[in-house]
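Just a sequence and a predicted model for now, questions to come.
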Number of protein chains: 2
Amino acid sequence: FLGDWQRRSAARSLPYCVGRLDGAGALTNLRRVTGEADGDFENMWFADSDIYKTLEAAAWQLGATPDNAELRTFVDTTAALLAKAQAEDGYLNSYRMLKEPDRRWEALHWSHELYCAGHLIQAAVAAARSGVGAEVVTVARRLADLVVERFSTVDAVDGHPEIETALVELYRVTGHRPYLDQAKRFVDLRGRGLLDGERFGSAYLQDHEPVRDTDSVTGHVVRQLYLLAGVVDVAVETHDETLLAAARRLWDDAFGAKTYVTGAQGSRHRDEAFGDPYELPPDRAYGETCAAIASFHWNWRMLLATGEVRYADEMERALYNVIAGSTALDGEHFFYSNTLHLRSGHDGSHEDAPSGRLPWYSCACCPPNLARLLASLSGYLLTTDHSGLQVHLYAAGDVRTTVDGHDVHVAVRTDYPWDGRVVLTVTTDAAVTLSLRVPRWATEVRLDGDVVEARDWYVQVQRDWSCGATVTLDLPMAPRIIAPHPRIDAVRGCVAVARGPLVYAVEQADLPAGVTLEDVRIDPGAPIAAGRLPDIPVTLTVAGAVETAESDELYPAAARTHTEPLELTAIPYFLWGNRTPGPMRVWIPVTTG
Amino acid sequence: FLGDWQRRSAARSLPYCVGRLDGAGALTNLRRVTGEADGDFENMWFADSDIYKTLEAAAWQLGATPDNAELRTFVDTTAALLAKAQAEDGYLNSYRMLKEPDRRWEALHWSHELYCAGHLIQAAVAAARSGVGAEVVTVARRLADLVVERFSTVDAVDGHPEIETALVELYRVTGHRPYLDQAKRFVDLRGRGLLDGERFGSAYLQDHEPVRDTDSVTGHVVRQLYLLAGVVDVAVETHDETLLAAARRLWDDAFGAKTYVTGAQGSRHRDEAFGDPYELPPDRAYGETCAAIASFHWNWRMLLATGEVRYADEMERALYNVIAGSTALDGEHFFYSNTLHLRSGHDGSHEDAPSGRLPWYSCACCPPNLARLLASLSGYLLTTDHSGLQVHLYAAGDVRTTVDGHDVHVAVRTDYPWDGRVVLTVTTDAAVTLSLRVPRWATEVRLDGDVVEARDWYVQVQRDWSCGATVTLDLPMAPRIIAPHPRIDAVRGCVAVARGPLVYAVEQADLPAGVTLEDVRIDPGAPIAAGRLPDIPVTLTVAGAVETAESDELYPAAARTHTEPLELTAIPYFLWGNRTPGPMRVWIPVTTG
C-alpha cells in the first residue's frame, strides 16, 4: 500500500510539482535574480520554498531511484540556478532580492526569509543523505553560515518556524556545532514578543509565551508544529529535559483535545489555526495537508526521543487518513484543507473550501510537501538501536540495515491496511530483539497464532534469526465504532466507523437518489459487514435510517422526524471525492428511534 | 424595557461614540482634508462611515430630545466640517482625498467610497426627518448628485452595499427621482462580475449572480443584508414583483437555514460570512452586531412591503437577543461578534473572539450602528395604514399619530418582555382596527381574558375608541424548550431554554465551583422554574446533571460518563458577560442517563 502510494507520488505527483514550479513562476523568479528573465516577481512572496520542497522530494527520490534522468536534470539545473542567484555573502531570497533588496531580514513576522532558508537547508540535508546534488549543499551552507553570522548576535525569530529543525538537521549532517547553537537560540528567543503580532496576534505566531512555559498549542498549526519539530530536535541534541517536557505537554494538549479523528489539525479557516480545547467542527475542519505532514514529522521526533508507541500511532492515523486523502487517485489533484464533512448545498466556489480536490492552489505549499514526505517515507517505517529493530509502520518491502554492527535483513509481506496479517522474515547473526508496534486500536493481537499481551504496546520477539526466522503478526481488522469525547460538541450524538487504521466516511455517491446526507443515521449497535467496490478494496455496510424533519421550522418546540430504514455503505475516508463529486461525512448521527 | 435601553444608549453609548470619534482620529481625518490638522490619515479607510452613523444617531436623538445641547453642537460642528471638507464638485471621502486623490471611484471592490456616501445620506435622511442639521442634507445631496452624475452612465457597483437603500431613502425624503433610478441601477448591475472578487471571491461581494436569479444568501453578511434592504426599497418604489420575490427567496434561505436562535447571522469568522445551509456552529458563531442590525432593517422593509408577521418576529428575535446582548449594561462595552458558546479554556486574546465585551474595536462599525438603531427605535414599534394601526413590538409609551386623517392616541403599558401583559388604551374618533402581533412563540394568547385564535398572527380589535378604550393582551410567558432542526449538526442532542422573546443561556457564574460548562446537561422534560438574581429580573432553573467523561481518550470505542445531578440556572442570553467573566452556552446537551 505505502509502496504503491510512494510509486504513484514519484510517477505522477512529483513530476507534476516540478512542472508546476515553472508554470507558477517560482523558478522564473530566480532567473529574474540572475538576469536570465524579465518581468516582475510572481506568485507568493515565499514561493522559493516550493522550489526547495520539490528539490528535497527529488533528492530523496533520487536516493531511492538514482537513474531517474529527468529528476537528476531538475536537481542539477535548479542547484546551478540557485548558486548563480545567491548573493556574494550567501543571501538568497528571490522576493527580497527582486522587490526590496534593502529590506533583508526586516519584518520577519511575515517575510518568511528564514522559513525559506530552512526549506533550502532541508533540501540540502536530503541531498547530502541521498548523495546527490552536492551543489545544493554548498548553497545551503553558505546561506546557513550567513544566518548564523547575523542571528547569533541579533535577537530575532522568524514568523514562520522551519529554520530551527532545518539547522539541527544540517548540524547532524555536517557536525558543525554553530548550526545547533543557532537553532537553540531561535527556540529560546521565541515567545518573547520579538515579532509584530499584526493581524492575528502573537499567539498566532507562537510568540506570546516562551516554549518552556506554555501548556497549549495555539495559532497557525503549521507554524506551531514546525516549531515543535525544532523544539524536539534541539531538546534531543542538547539533552534539554525541560524543553522535551514542554513538547510533551503541548502534545497532550494537541492530541488530547485538538485533533480530528482523521489526524487532521486546525479547527479554524480564519487563521489556519488550532481552536479552543474540543473545538473540532467537522464541516469547518481546516486540517491543512501541510499541518498533517508537520504532525507526522513532529510525532516521528517524539517517537525517536521517547520510544513511546503513542507517537507512532498518531503518525499512522495522519498518514492513512488525512495525508492519504489529500491527494486524488490520479496523483494530480490535491486538498489543501481537509474537511470531515462536506455539507449538502456546500458553496465550493472558493479554493479555501472547495467541493473537491483542485489541480493547484494560489498558495501551493501542500503538493510539494506531500511529494517530499512520500519520497522519504521509507525512512519512517522502522528504527534500530544497539539491541534491536523496531517496526513502526507496516508496509511490504525489504530492508537491509545494521544492528550493533551486524547486518540485518528484514522482509515484510503484508497487504496492510486492507489485511491485518504482517509476515516478517528476519535474517541476521545478531541477537536482535524485534519490536512490533501494536496500534492502540488493536484489541486482540496474535503472534504466530497465539494471542499476545503487548508490553508497552510493542510486542517484543526474540528468535534465533541466523538462518532467517519468520514471524506472523495478526492485527484485528474487524470493523469498529468510534465515539467522540463528550466535550466535542460538534459531533455529539454521532459515531464514526473504522477498520484498522482507516477511518471511514459516507459519501453521497453511495446513497439512494433523493436522500440528503444530513438526514442519514447509523445504528451503532448493528453488525458491520465488509464488501468492495471498484477501486475501493474494503467497503463497510451497516444498518441505518433516513430521518427527515417533519417541519421546515429551524427552531421548533421539538424536532419530529419521519424515519425510513437505510442500508448504509461507508468507504475509507482517504478515498472520498474520487467518484461523482458530492457531500461526504465521517461522523454519522446515530438513530434516535 | 425598550425605553430604558434607548435612554441608556442616549445617555451613555451615544456620547461615548461621539467621544471615540475624536479619539480614533476619524474627525481629525476630515480636519486634515480642510487643512486644520496635520499628520497622516488614521484608522480604517472607511472611518468616515463611523462619523456618519454617529451623526445619524445624533439626528434621530435630537428628534426625540431636541434640547440636548451637546448633541446639537456635535451635529452643527460636524456638518460644518463636512461642508468645508467637501470638494467643489461634491466629492467627499477623507481617505481618498488625503491618500490617493487621483484614484476617486477606483477599486470599488474595497474602497467603500459609495458605502461611506450611503451612510452620509442616511445621516441626512435622519436629519431631514428630525428637522435638524439642514447643512448635513445639503452636503449629502451634493455628494448624491455627484454619484448620480457619474454612475448613471458608468456600469459600476460598490463592494459594500449601502448606497442603494440610502438613495431610495433620500428619494423618499426629497422626491427627486434620479436617486431612485440610480439605486435601481446599482441593484440591477449587481451580480454581473463588475467587482474584483480578490481574496474571498465574488460571492463574498454578492457579485456572482444577479439578485433576481439567486436563491441563496452568500458571503459577507452585512454586505448581503444591506444590499437586500436596498433591494426591497427599490422593489417597493418601482413596484417590481420579481425583485420582491427574490428578496422572499433569500429570506427563506437566510431564516430557514442560516440564522442562529438568537437572531444572529454569520457562521464564519474567516470572511464574516454566511455558511452553508444548517452550518450554525454556536462556538464559532460570528453573528456580527452590524449584521443583526442589518437583519432588523431588512425585516422591517419586508414587513412594510408585505404585512406578514414573520418579519416582525425576526425583528423581535434579533432585537431582544443578539442586538441587546451586544452592549454591556454599562453602555460602554460592546461585542462585535456574538458567540452562542464561549468554551472553557477559550483563548480570548484577540478582538476577533474576545472573552467579553471590549471598550472599542479597531474596526469600529458596530457601536455607532447600535447608537443609530437605538435612537430611531421608536419608529419601528407600530405602523398605520388607511384603516388602522398595527403594533409590532411591545414597549411602554405613548404614541400620537393619525389614521386616515384622524388623530389617534395610543398609550401602551407593559413590563414586556419580563411580563406578558400588554395594556393598550386607544383614543380616537375614527373606526380604527387595532392589530396586535402574536409572536410565533406564543401558543396561547388572551385578549381581555379570553383565549383568541389569532388571524394571520395579528389579533385584530375593533372597538368604539371615541372615549378611549382599553385592550389587554396576555402573551404566554411560561418557560419553554427549543429544539434545533435535525440538520443543524453543531447542536445535535441539545436544547435551548426560552421565555417569551428571550433566549436563555447558562453561564459559568451560576455553576458550582469545579464544574466545567461543557460537562453540564439538561433534562428537557423537567419543569422549569422562574427566579431572579441581582440585575436579572427573571432567571430560569431546571434539573440537569454533570456528566464527566471517565476517560481522557479523545476517540474511545464508547464514551462512558460519570453522572451527578445538578440544578441548572439560566439567565437571559443578552445579559451574559455582565458578571464574573467566564464560559457561557445557549444550547445545552440533554441528559443521556
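Received it, and whenever you're ready, just let me know what you need. As the structure is a prediction and not an experimental result, all values here were calculated from the model.

Please enumerate residues in contact with the lowest-mean-pLDDT helix or strand in chain A?
Among the secondary structure pieces of chain A, namely its helices and strands, helix A:14-23 has the lowest mean (mean pLDDT, DSSP states H and E), a mean of 89. Under the criterion Cβ atoms under 8 Å, 6 or more residues apart in numbering or on different chains, residues A:27-28, A:50-51, A:54, A:57-58, A:61, A:70-71, A:74, A:331-332, A:360, A:364, A:367-368, A:371, A:374-375 lie in contact with helix A:14-23. For glycine as for every other residue, the C-beta is placed from the backbone atoms N, C-alpha and C.

list the buried ones in that helix?
For helix A:14-23, the neighbour count (16 or more other Cβ atoms under 10 Å in any protein chain shown) marks A:14-18, A:20-21 as buried.

mind listing what the residue sitting nearest the centre point of chain A touches?
Centrality entry for chain A: nearest residue to the mean C-alpha point is A:Ile293, 1.7 Å, by Cα atoms, centre = their mean. When contacts are counted by Cβ under 8 Å, 6+ apart, A:Ile293 is found next to A:323, A:369-370, A:373.

likewise A:Thr401?
Contacts of A:Thr401 were listed using Cβ under 8 Å, 6+ apart, and they are A:382, A:384, A:389, A:407-408, A:410.

Give me the pLDDT value at it.
In the prediction, the pLDDT value recorded for A:Thr401 is 93.

Got the phi and psi for it?
phi -150, psi -170 (degrees, to the nearest 10).

that's a strand at A:Ala411, yeah?
Yes. The assignment for A:Ala411 by DSSP: H, G, I helix; E, B strand; the rest coil puts it in a strand.

how much space between the nearest residue to it once chain neighbours are set aside and A:Val408?
With sequence-adjacent residues excluded and distances taken as Cβ to Cβ, 6 or more residues apart in numbering or on different chains, A:Ala411 is closest to A:Thr425, at 4.4 Å. For A:Thr425, the distance to A:Val408 equals 11 Å [Cβ to Cβ, to the nearest Å].

before we move on, what about A:Thr541?
Taking Cβ to Cβ as the measure, A:Thr541 falls 43 Å from A:Val408.

Of the two, which one has the most company?
More neighbours sit around A:Val408 than around the other of A:Thr541 and A:Val408, counting by other Cβ atoms under 10 Å in any protein chain shown; the figures are 21 against 18.

Checking that one next. Helix, strand or coil?
Under three-state DSSP, the three-state class of A:Val408 is strand.

who's in contact with it?
If you count contacts by Cβ under 8 Å, 6+ apart, then A:Val408 has A:384, A:389, A:399-402, A:426-428, A:430, A:432, A:465 around it.

do that again at 6 Å, thanks
For A:Val408, the contacting residues are A:401, A:428, by Cβ atoms under 6 Å, 6 or more residues apart in numbering or on different chains.

Over to A:Glu550?
Taking Cβ under 6 Å, 6+ apart as the contact definition, A:Glu550 lies against A:560, A:562.

Tell me, what's the model's pLDDT at it?
A:Glu550 is assigned a pLDDT of 94 by the prediction.

ok so, going back, among the buried residues of helix A:14-23, which one lies nearest to chain B?
Taking Cβ to the nearest Cβ as the measure, A:Arg20 is the one of these closest to chain B, at 21.9 Å.

Just the element for A:Val542, please.
A:Val542 is part of strand A:536-549 when elements are defined by DSSP states H and E.

same for that strand, what does it pack against?
Packing partners of strand A:536-549 (3 or more Cβ pairs under 6 Å, 6 or more residues apart in numbering or on different chains; DSSP states H and E): strand A:520-522, strand A:528-533, strand A:561-572.
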